[in-house]
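Chemist: Here is my input, please return the structure:
(one chain, ligands or ions: 1)
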Amino acid sequence: MRLEGINFSAVPQTRLFSSSNNIATTSAPYSTPSNSGTQLNPFHISGFTQSDGSFHISLYKDSSLRHKIRVVPVFIITQDGVSKAVLQEIMQYFKGGHLNVDKRTNAYNLRINSLSLILNTVLPHFASYPVMSAKYRSFFMFKRVVIMLKNKEHLTRQGLPRIIAIAYSMNTASTRTPERKQEILKSLGFDNYDEGNLISSLEKEMQSGLNCDRLDPYFISGVADGDSSFYVSLKGNNRIVPAFTIIQHKESKDLLCAIQSYFKCGALYEIKPNYVRFVVEDISSLINIIIPHFESYPLHTIKREKFSFSVRFVDSSVRNSIILSLGVRPS
Ligand SMILES: [Ca+2]
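Modeler: Got it, this is the predicted structure:
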């Protein structure tokens, strides 16, 4: 997320800073493959959010307001233009939002920043179909701020600095620093604000939601729709090897461990300094586990076409290896 400097004295409504975040209580039952075809499953939407979505609390200076600052909760999903239709479908699912395009990169943003829409559709969705690991942390903080906004706590001298403190701790991978937070608090006249154990007590509260032990197959496909790829690589002896990989920030390594346990195949590698990668390149795991999974729980973005291509490639490499090995099928 882009983060602007602190410049409190200029035009009202200028974006100042924003952070990322993540909650859930009652989960929906596990899914089985449905024949309903192309419709997005709600677990898929959460998995997609896990990869390509974020929860932010944006802070805008606004000299017309008593406390000179406007607090706006924002739920964003980003996707390349070729997969814009998925964002439009998610917009329909949440019954609102805005689609913006960055013409330079052709990246599309679905943004939902209406408090009532967040309260009525976004929070209930993620309570039933939770995000996990580090994303859950930011969702939990986001939810807390949204409820404070609903209760008008941002209009009080007690509530506002608490909201700013939470906004600044929502996403540990964010560029929001403690120094900036202090500067903003100071500029708003909260020089002596002491947040005490606010964040550590929230962290205690969210513990039970951080685990990844309840993976739904549609959720996994949603994660893959955001952050996976099917590709072929050239190995020693000029062997061409098809592979499937999912990459996540290291903060969500536990999610990749859970996906590895779910599929019972593949390996995890660290990509220093900040990423972890789950890779399956064993042909029998691809044929017997990965391909059947994505046939039952399909992708929705452009990756769906890449997947079909990979399936054809795997088919033909298997055929070739069978011919080469005189009819011995790889196991
Ligand atoms: Ca992605």
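Chemist: how about the residue nearest to Lys95 when sequence neighbours are not counted, phi and psi?
Modeler: Leaving aside its sequence neighbours, Lys95 sits nearest to Thr121 (C-beta to C-beta, 6 or more residues apart in numbering; 5.6 Å). Glycine gets a C-beta too; all of them are placed from N, C-alpha and C. The phi/psi pair for Thr121 (degrees, to the nearest 10) reads phi -120, psi -40.
Chemist: what's the answer for the one 5 residues further on, then?
Modeler: The phi and psi torsions at Phe126 (degrees, to the nearest 10) take the values phi -80, psi -10.
Chemist: That one and Phe139 touch, don't they?
Modeler: Yes. Using C-beta atoms under 8 Å, Phe126 is in contact with Phe139, at 5.7 Å.
Chemist: Those two: which has the busier surroundings?
Modeler: More crowded of Phe126 and Phe139, by other C-beta atoms under 10 Å: Phe139, with 32 against 27.
Chemist: tell me the mean pLDDT over the helix or strand hosting that one?
Modeler: When secondary structure is defined by DSSP states H and E, Phe139 falls within helix 133-150. Mean per-residue pLDDT for helix 133-150: 96.
Chemist: Buried residues, it. List them.
Modeler: 133-146, 148-149 (16 or more other C-beta atoms under 10 Å).
Chemist: Please list which of the residues you listed are also close to the ion.
Modeler: Contacts with the ion within those, counted by C-beta under 5 Å from the ion: none were found.
Chemist: Residues of the stretch 101-250 of the chain that sit close to the ion?
Modeler: Gly226, Asp227.
Chemist: Any regions of the stretch 101-250 of the chain where pLDDT drops low?
Modeler: Applying pLDDT under 70 to the stretch 101-250 of the chain flags the ranges 172-173.
Chemist: wait, is Val101 part of a strand?
Modeler: Yes. Counting by DSSP: H, G, I helix; E, B strand; the rest coil, Val101 is part of a strand.
Chemist: what's the closest non-adjacent residue to it?
Modeler: Tyr108 (5.2 Å).
Chemist: residues touching the one you found, list them.
Modeler: Going by C-beta atoms under 8 Å, 6 or more residues apart in numbering, Tyr108 touches Thr78, Gln79, Asp80, Gly81, Lys84, Leu87, Leu99, Asn100, Val101, Asp102.
Chemist: Tell me what the second one is bridged to.
Modeler: Pointing back at Gln79 there. Applying DSSP bridges to Gln79 gives these bridge partners: Tyr108.
Chemist: I figured it hits Val86, correct?
Modeler: Yes. At 6.3 Å, Gln79 counts as touching Val86 under the criterion of C-beta under 8 Å.
Chemist: Now for the two: what residues contact both?
Modeler: Contacts common to Gln79 and Val86, judged by C-beta under 8 Å, 6+ apart, are Thr301.
Chemist: I'd like to know how far Tyr93 sits from Ile45.
Modeler: 6 Å (C-beta to C-beta, to the nearest Å).
Chemist: no, scratch that, I was asking about Gly96
Modeler: Plainly put, Gly96 is 14 Å away from Ile45 if you go by C-beta to C-beta.
Chemist: These two: which has the busier surroundings?
Modeler: Legend: neighbour count by other C-beta under 10 Å for Gly96 and Ile45, higher for Ile45 (25 against 16).
Chemist: which one of the buried residues of helix 133-150 sits closest to Leu286?
Modeler: Using C-beta to C-beta, Ser133 is the member of the buried residues of helix 133-150 that lies nearest Leu286, at 25.5 Å.
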